[in-house]
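> coordinates only, sequence not included:
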């Protein structure tokens, strides 16, 4: 994931324009215990990531050719299944993926910035069972129930994944409350949710599964307490709204028809943030865009 070296001035300018911070979370791996089968077709954006025939993680389709999941699920290659609530379904789309892009500030000890993009080898065919999820336009407090869905283990004694997609209703809890269990949670980039009765839980097997709130993808299952024993602790999710700029830029940089759009976005970004000289430099020498994009990729959304 190494990029070209950056000029100190470029780094300073962009660091002032975009905020970044971060430390902290805990154990990885997830499953839904005491959930219920999801209504058929209710999560058409959810995909299953396989290594060969071995299920590894879940993810969500955010573009015909891009899947969003968590960084701790990284593998060199996947077979991505979509269009079915069944974990093993030979009658649906399965597309190979060999390109993955981990957030440059991902910390595999703390799970901070636990997010990754996977590029499919060719675009998926959209239909009533294969849809693109809606990303949140802004970060906002969520005071309604949310739904998490996954193919993870369904009981503490289970040894195999669920054969069908399971759902559980959860409620977002405050970061101070979550810190009682996970003292290293960073509220800016993470969010926590729990079932009200503490009888439903994610644990080993549901990594990358979506947390849907009011029709938008608000979180990705990142980590939880292990072993999973009742009463269950809250789960920690990567807060998707903080990564919109990173997601857009990665997809743009790795799209063969992006050059003009990339220049336009880069110049607009600089002008919006008061960096007129840099915007002019980009216009005059488009080669600077590569440096600009590498810097942007290393700085998280404000």
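Received it, and whenever you're ready, just let me know what you need. Note that the structure is a prediction, hence the values are computed from the model and not measured.
> For residue 220, name its beta-bridge partners.
residue 210, residue 238 (DSSP bridges).
> List the contacts of it.
Residues in contact with residue 220, defined by Cβ atoms under 8 Å, 6 or more residues apart in numbering, are 60, 68-70, 114-115, 208-211, 237-238, 240. (Glycine included, C-beta is placed from N, CA and C.)
> Can you lay out the residues you listed as JSON lines showing pLDDT, neighbour count and distance to residue 128?
Formatted as JSON lines, these follow (pLDDT from 0 to 100; neighbours: other Cβ atoms under 10 Å; distance: Cβ to Cβ, whole Å):
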{"residue": "60", "pLDDT": "98", "neighbour count": "23", "distance to residue 128": "17"}
{"residue": "68", "pLDDT": "98", "neighbour count": "25", "distance to residue 128": "21"}
{"residue": "69", "pLDDT": "98", "neighbour count": "29", "distance to residue 128": "23"}
{"residue": "70", "pLDDT": "96", "neighbour count": "28", "distance to residue 128": "27"}
{"residue": "114", "pLDDT": "96", "neighbour count": "29", "distance to residue 128": "31"}
{"residue": "115", "pLDDT": "97", "neighbour count": "27", "distance to residue 128": "28"}
{"residue": "208", "pLDDT": "95", "neighbour count": "30", "distance to residue 128": "23"}
{"residue": "209", "pLDDT": "95", "neighbour count": "33", "distance to residue 128": "21"}
{"residue": "210", "pLDDT": "96", "neighbour count": "29", "distance to residue 128": "18"}
{"residue": "211", "pLDDT": "95", "neighbour count": "26", "distance to residue 128": "23"}
{"residue": "237", "pLDDT": "93", "neighbour count": "29", "distance to residue 128": "27"}
{"residue": "238", "pLDDT": "96", "neighbour count": "30", "distance to residue 128": "28"}
{"residue": "240", "pLDDT": "96", "neighbour count": "26", "distance to residue 128": "24"}
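> End to end on stretch 37-56, go ahead and measure it.
20 Å (Cα to Cα, to the nearest Å).
> now stretch 123-142
End-to-end distance for stretch 123-142, by Cα to Cα: 32 Å.
> which stretches of this structure aren't confidently modelled?
1-34, 153-160, 197-205, 224-231, 256-302 (pLDDT under 70).
> Where do the domain boundaries of it fall?
8-21+257-297, 46-132, 134-241 (automatic domain parsing).
> is the nearest residue to residue 75 once chain neighbours are set aside in a bridge, and if so with what?
Closest residue to residue 75 apart from its sequence neighbours, by Cβ to Cβ, 6 or more residues apart in numbering: residue 51 at 5.5 Å. Here residue 51 sits in beta bridges with residue 54, going by DSSP bridges.
> Enumerate every residue touching residue 51.
75, 77-79.
> which among these end up buried?
For these, a burial check counting by 16 or more other Cβ atoms under 10 Å picks out 78-79.
> and residue 129, helix, strand or coil?
coil (DSSP: H, G, I helix; E, B strand; the rest coil).
> got the contact list for it?
Residue 129 neighbours (Cβ under 8 Å, 6+ apart): 41, 44, 83-84, 92.
> And residue 94, by the same measure?
79-82.
> What of residue 120?
64-67, 80, 95-97.
> swap the cut-off to 7 Å and go again
65, 67, 80, 95, 97 (Cβ atoms under 7 Å, 6 or more residues apart in numbering).
> now residue 73
So residue 73 contacts 49, 56-57, 116, 207-208 (Cβ under 7 Å, 6+ apart).
> Widest-spaced pair of those residues?
Pairwise distances across these (Cβ to Cβ) peak at 12.2 Å, for the pair 56 and 116.
> neighbour-wise, which of those two wins?
Here residue 56 and residue 116 are compared on neighbour count by other Cβ atoms under 10 Å; more neighbours surround residue 116, at 24 against 19.
> Touching, the more buried one and residue 67? I think so.
No. Under the criterion of Cβ atoms under 7 Å, residue 116 makes no contact with residue 67, lying 8.9 Å away.
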